[in-house]
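Trainee: Task: produce atomic coordinates for the following.
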Amino acid sequence: MEKKLVASAAITTAVMMTSSLLVMSTVNGHEGRLYSIGGKDYWITVGSINEPVFVDDKSGAEAFIKLADRSDPLNSNANGTKNVEGLEKTVKFEISAGAKKKEIPVEPAWRDPGHYEATFYPTIETTYNYRLFGSINNVTISLDYLCSPGGFEEKPQDNSTRLVSEGVTLKAQRGGFGCPSTREDVGFPEPYVSDNELVNMIKELQKSQNGTK
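Mentor: Residues are numbered from 1 along each chain as shown. Next up, the predicted model:
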């Protein structure tokens, strides 16, 4: 009887965890695109690490890169897809927010082939652009993925074709990902003040002190 109860509880927990993951992937998501690069089809899916992301969280840009199934290339989940390893040697991310930009090398994720990460801490609530650049299949790439403020709206996969650059053609895209949010509404038990806000508060205090001297 006890074994049946344990098994039942385990199944229930697994179902709940799976449902939770499905909800999270729907709400937060990543943006997946099918590219032809040098004559080969690749699904390149990009988003933020540890979504949903809040200001001052440890996060970053991540990419999942795999060869498409030749028999069903428009299906990113087809059985014939293959994870592409070793691209940490040829690609990087450039993170930009407004006029500020930063290049970050990618690292392969632990025990997850085809998954690459570029870690950073978002310090303000704004729109971030993740540019994946370098080379894949000996072809130069420069691919921009822009976060959506306030989240994104799920739409059907767009299978229209567009030339991106020499040797690179976009063949399909779907999904999206939200921008880092303020912790203002999620701070507990006290309201959260970001590191950037603290720095600005200190600067204002120093100005006022200097003005009274």
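Trainee: shaky segments in this structure?
Mentor: Flagging of the chain using pLDDT under 70 yields the residue ranges 1-28, 212-213.
Trainee: Which parts of it are helices?
Mentor: All helices of the chain, identified by DSSP state H, fall at 2-27, 195-211.
Trainee: who's in contact with the spatially most central residue of the chain?
Mentor: Most central in the chain under CA atoms, centre = their mean is Gly47, positioned 1.4 Å from the mean C-alpha point. Applying CB atoms under 8 Å, 6 or more residues apart in numbering to Gly47 gives the contacts 28-31, 61-62, 145, 177. In short, each C-beta sits where N, CA and C put it, glycine included.
Trainee: nearest to Lys92, of those residues?
Mentor: Taking CB to CB as the measure, Lys92 lies nearest Ala61 of these, at 10.0 Å.
Trainee: Run through the strands of this structure in chain order.
Mentor: 31-37, 40-48, 59-67, 82-83, 91-97, 100-105, 107-108, 115-120, 129-136, 139-146, 162-165, 168-175 (DSSP state E).
Trainee: by how many degrees do the last one and strand 129-136 diverge?
Mentor: Right, strand 168-175. 140 degrees (axes from the mean of the first three to the mean of the last three CA atoms, to 10 degrees).
Trainee: Could you tell me how far strand 168-175 lies from the centre of the chain?
Mentor: Centroid separation between strand 168-175 and its chain, computed with CA atoms, centre = their mean, to the nearest Å, is 16 Å.
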